[in-house]
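**Student:** sequence and predicted structure are below.
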Amino acid sequence: MTKAPEPLEGAPLIAPSSVDHPLYEPIVEACRTVYDPEIPVNIYELGLIYTIEITDQNEVRIVMTLTAPGCPVAGEMPGWVADAIEPLAGVKQVDVELTWEPPWGMEMMSDEARLELGFM
């Protein structure tokens, strides 16, 4: 088993998203339709979507996490995300990758999510 390479000094733990791509906003909106069944807030506002990478060929790669490794829907949620994004006009392919680095924390939630959950 090979060891994963160490992150470069100063490199972000979360890769940047393709925010300038025309499909970025529709993909964000699609992610907002997916909910963690145990929390009444969508996964985007919860901060579970780390990276939305879109190639020039409109291939989409989502890097996401879950609130906890033992999440009962861990095996299903990536498929829910792919199912929400695949129907968007122009999307050629969707790959959803689950990561545990960095681990999710409540500080990753949007203000909207904190308000909804009574943390503000």
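**Tutor:** In hand now; what should we look at?

**Student:** phi, psi of the residue nearest the centre of the chain?
**Tutor:** By C-alpha atoms, centre = their mean, the chain has its centre lying nearest to Ile49, at 1.7 Å. In terms of degrees, to the nearest 10, the main-chain angles of Ile49 are phi -90, psi 110.

**Student:** could you report the neighbour count for Val41?
**Tutor:** By other C-beta atoms under 10 Å, the residues close to Val41 number 20. No exception for glycine: its C-beta is placed from N, CA and C like everyone else's.

**Student:** can you give me the strands in the protein?
**Tutor:** For the chain, the strands defined by DSSP state E occupy 49-54, 59-64, 93-98.

**Student:** list just the one of the ones you listed that sits closest to Met108.
**Tutor:** The closest of those to Met108 is strand 49-54. By C-beta to C-beta, the value is 8.7 Å.

**Student:** which non-adjacent residue is nearest His80?
**Tutor:** One thing to correct before we go on: residue 80 is Trp, not His. In space, and not counting its chain neighbours, Trp80 is closest to Val34: 5.0 Å by C-beta to C-beta, 6 or more residues apart in numbering.

**Student:** next, the contact list for the one you found, please.
**Tutor:** Contact partners of Val34, counting by C-beta atoms under 8 Å, 6 or more residues apart in numbering, are 42-44, 77, 80-81, 84.

**Student:** might you calculate how far stretch 71-85 sits from the centre of the chain?
**Tutor:** Taking C-alpha atoms, centre = their mean, to the nearest Å, one finds the center of stretch 71-85 at 10 Å from the center of the full chain.

**Student:** which positions in it come out as buried?
**Tutor:** Applying a neighbour-count criterion of 16 or more other C-beta atoms under 10 Å, the buried positions in stretch 71-85 are 71, 77-78, 80-82, 84-85.

**Student:** picking up where we left off before, out of the strands of the chain, flag the one nearest His21.
**Tutor:** Closest of those to His21 is strand 49-54, at 4.2 Å (criterion: C-beta to C-beta).

**Student:** so the residue nearest to the centre of the chain sits against Val60, correct?
**Tutor:** No. Assessed by C-beta atoms under 8 Å, Ile49 is found out of contact with Val60, at 11.5 Å.
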